[in-house]
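Asker: Okay, here's the prediction I keep looking at, along with the sequence it came from:
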Amino acid sequence: MTSKDHFEIIHVAAECYPVAKVGGLADVVGSLPKFQKEAGHTVKVIMPAYRTPFFYENKFHIAFTGKAHIGDRPFDYVILKEESGCLGFDLYLIDIEDLLARSKVYGYADDSERFIAFQIAVSSWLHSWNHQSFVVHCHDHHTALLPFFFKHALGLKTKLYSIPTVLTIHNAQYQGIIDWGNSRWLPEWDMNVSGLLDWNSAINSLACGIKCAWAVTTVSPSYLDELMHYSNGLETLLTQEKHKCLGIINGIDEKYWNPTTDVFLSHHYDGNNFLEGKKANKDEICERYKIENTSRPLFVFIGRLVREKAVDIIPPAIEHFFRHHQKKLNFIIQGTGESSIKNLIDDIAIKYPNHVAFIARYDEKLAHQLYAAGDFLLMPSRIEPCGLNQLYAMKYGTIPIVHNTGGLKDTVTDMRYDVGWGISINNSTVEELILAIGRALAIYSNPSNLYDLQKKCMGLNYSWENSVEKYIALYRSLINI
């Protein structure tokens with residue numbers, strides 16, 4: 001039961017680490033609910049029952065079975081509850097055999113239909129509950145139609161209308177757009193409010209969620225400001241709805257991301273012995289990937305190989321330094337993504353095999369090891385709503401090199417200021433990245449300066465506690481409306 005001091009919070013999302021992960025959305029949904037529960041609240045996460053390793057390696061029992069329709073097509077759905085509570089909160093998976101029971105999260109031709117069916121099943125299940133005192137927290141466009149369903153779907157609104165909804169925008173570039181010809185997929189709704197679904201003559205899930213949710217959050221204050229000017233066509237809408245929008249910076253799980261106890265590391269360290277610890281991890285990684293001379297600075301990139309992350313400017317910057325600076329630095333790049341960017345990195349790794357390693361996959365264990373081994377993290381993203389990699393890197397004493405945008409702007413202060421601890425660029429260009437790497441080389445050449453910055457990074461606090469308090473305050477304000 002919800003009270004002023006205790007909430008039942010329902011998170012609905014397409015990703016949740018370690019159940020299924022594509023990007024940072026999974027990390028947030030896998031950690032924020034845990035800290036909300038530790039703060040004394042009842043927390044549930046609902047997501048699709050993908051056929052990932054987690055699905056097969058853990059035990060579930062059937063909590064509910066139901067029937068629903070996507071358009072004229074009936075379907076059965078099953079609610080599976082994870083039995084052990086190993087994630088620190090209650091996990092429920094929605095299984096729709098022919099739509100959600102797949103190995104990948106995204107990338108199918110029928111993704112729009114899949115996630116609409118998922119949201120219909122979520123609504124149908126919540127409609128069957130005997131109590132209604134909770135907040136439903138939706139994440140990104142995959143769940144952004146829920147506030148509309150709750151208010152305006154004819155078979156649902158009688159019981160769901162009064163449930164407060166929060167929509168968090170993790171990345172506004174992806175909006176869940178479908179043409180009006182597929183409006184038949186949606187539950188029957190009040191045709192007088194069709195305008196809530198429409199944006200630029202199409203059904204836009206994210207736009208609909210912004211209009212219908214009781215509150216909208218972004219994953220950093222600066223990202224909210226930026227969305228008013230650049231949000232892939234939603235600028236006017238977000239400006240209109242600014243009164244109900246709030247930027248809350250993401251946090252990290254400092255128990256999981258902790259070089260002192262990290263199960264993925266062979267060599268542990270803390271803020272007092274990190275020089276020895278980072279060197280041991282660096283030696284190990286460089287030996288594994290045949291990187292020569294570990295006395296040189298190691299720059300790492302971990303993430304998706306897409307233009308949004310500005311990975312395309314990294315290979316030409318590497319080429320510049322290898323032509324003009326006698327290969328006095330090393331690079332390891334880990335990630336998957338666009339083939340054109342992958343080819344650029346492949347070429348530079350083949351050309352300089354003892355100085356550049358490319359691991360063309362995402363591996364959670366390796367990511368932890370790279371944060372521990374790296375001296376500098378490359379994160380020149382053109383768009384970064386919050387960013388988590390820079391927070392992980394700093395926890396491991398790895399100095400971030402970031403573009404001064406979104407959450408990177410909110411979490412990394414340039415070391416040219418006395419209070420700073422990272423390196424910032426104002427534009428995601430090859431020229432600015434070259435200058436930033438040059439500054440990093442100057443820092444590395446001064447062991448005392450390097451030590452001070454690494455220690456400062458490790459001492460920063462980006463845990464979830466402060467953000468959890470802000471979310472609870474937001475929920476409380478909605479309950480009291």
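Answerer: Looks like it came in fine. Numbering: from 1, shown residues only.
Asker: now the one helix or strand in the chain whose mean pLDDT sits lowest, how far from the centre of its chain.
Answerer: The weakest-scoring helix or strand in the chain, judged by mean pLDDT, DSSP states H and E, is helix 157-160 (a mean of 90). In terms of C-alpha atoms, centre = their mean, to the nearest Å, the centre of helix 157-160 is found 31 Å from the chain centre.
Asker: buried sites along it?
Answerer: Using 16 or more other C-beta atoms under 10 Å as the test for burial, helix 157-160 gives 157, 160. From N, CA and C alone the C-beta is placed, and that goes for glycine too.
Asker: do stretch 441-456 as well
Answerer: Residues 441, 443-444, 450, 453-454, 456 are the ones in stretch 441-456 that count as buried (16+ other C-beta under 10 Å).
Asker: that older thread, what's the first helix or strand after the least confident helix or strand of the chain?
Answerer: Downstream of helix 157-160, the next assigned helix or strand under DSSP states H and E is strand 165-169.
Asker: Tell me the buried residues in that next one?
Answerer: 165-169.
Asker: could you pull out the helices for the stretch 1-150 of the chain?
Answerer: Applying DSSP state H, counting those that start in this stretch to the stretch 1-150 of the chain gives helices spanning 24-38, 53-57, 111-127, 146-152.
Asker: what about the shortest one, average pLDDT?
Answerer: I take that to be helix 53-57. Helix 53-57 carries an average pLDDT of 97.
Asker: Distance from it to the middle of the chain?
Answerer: For helix 53-57, the distance from its own C-alpha centre to the chain's C-alpha centre is 21 Å (C-alpha atoms, centre = their mean).
Asker: Low-confidence bits of the protein, can you list those?
Answerer: 1-4, 133, 481 (pLDDT under 70).
Asker: Domain parsing of it, as residue ranges.
Answerer: Listed by automatic domain parsing, the domain ranges of the chain are 8-251+465-479, 274-458.
Asker: Burial check on the residue nearest to N250 when sequence neighbours are not counted, number of neighbours?
Answerer: Closest residue to N250 apart from its sequence neighbours, by C-beta to C-beta, 6 or more residues apart in numbering: C386 at 4.4 Å. Neighbour count of C386, defined by other C-beta atoms under 10 Å: 26.
Asker: list the contacts for L156?
Answerer: The neighbourhood of L156, defined by C-beta atoms under 8 Å, 6 or more residues apart in numbering, consists of 123-124, 127, 149-150, 187.
Asker: Now do the phi/psi pair for it.
Answerer: Recorded main-chain torsions at L156 are phi -120, psi -30, according to degrees, to the nearest 10.
Asker: G85 - how many residues pack around it?
Answerer: For G85, the neighbour count with other C-beta under 10 Å is 11.
Asker: next one: the one 10 residues further on
Answerer: Here the count is done by other C-beta under 10 Å, and D95 has 21 residues near it.
Asker: Would you check that it makes contact with K81?
Answerer: No. With contact defined as C-beta atoms under 8 Å, D95 does not reach K81; the gap is 11.4 Å.
Asker: how about the helices in the stretch 251-400 of the chain?
Answerer: 274-288, 314-324, 339-351, 364-373, 389-395.
Asker: Figure out which of the helices of the stretch 1-150 of the chain is closest to Y462.
Answerer: helix 24-38 (11.6 Å; C-beta to C-beta).
Asker: Only C-alpha atoms, please: export that closest one in PDB.
Answerer: As requested, the backbone C-alpha atoms of helix 24-38 are provided in PDB (Å, rounded to 0.1, in the frame of the first residue of the first chain):
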ATOM      1  CA  GLY A  24      22.700   2.200 -20.600                       C
ATOM      2  CA  LEU A  25      18.900   1.800 -20.200                       C
ATOM      3  CA  ALA A  26      19.600  -1.700 -18.900                       C
ATOM      4  CA  ASP A  27      22.100  -0.500 -16.300                       C
ATOM      5  CA  VAL A  28      19.600   2.100 -15.000                       C
ATOM      6  CA  VAL A  29      16.700  -0.300 -14.800                       C
ATOM      7  CA  GLY A  30      18.900  -2.900 -13.200                       C
ATOM      8  CA  SER A  31      20.100  -0.600 -10.400                       C
ATOM      9  CA  LEU A  32      17.600   2.200  -9.700                       C
ATOM     10  CA  PRO A  33      14.900  -0.200  -8.500                       C
ATOM     11  CA  LYS A  34      17.300  -1.900  -6.200                       C
ATOM     12  CA  PHE A  35      18.200   1.300  -4.400                       C
ATOM     13  CA  GLN A  36      14.600   2.300  -4.300                       C
ATOM     14  CA  LYS A  37      13.800  -0.900  -2.500                       C
ATOM     15  CA  GLU A  38      16.800  -0.400  -0.200                       C
END
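Asker: Please state the offset of that helix from the chain centre?
Answerer: With C-alpha atoms, centre = their mean, you get 10 Å for helix 24-38.
Asker: do the same with stretch 423-435
Answerer: The answer for stretch 423-435 is 24 Å, by C-alpha atoms, centre = their mean.
Asker: now the end-to-end length of that stretch.
Answerer: One end of stretch 423-435 sits 10 Å from the other (C-alpha to C-alpha, to the nearest Å).
Asker: ranges for the strands of the stretch 201-350 of the chain?
Answerer: Here the stretch 201-350 of the chain has its strands, by DSSP state E, counting those that start in this stretch, at 202-204, 215-218, 245-247, 298-302, 330-334.
Asker: Burial check on Y17, number of neighbours?
Answerer: Y17: 21 surrounding residues under other C-beta under 10 Å.
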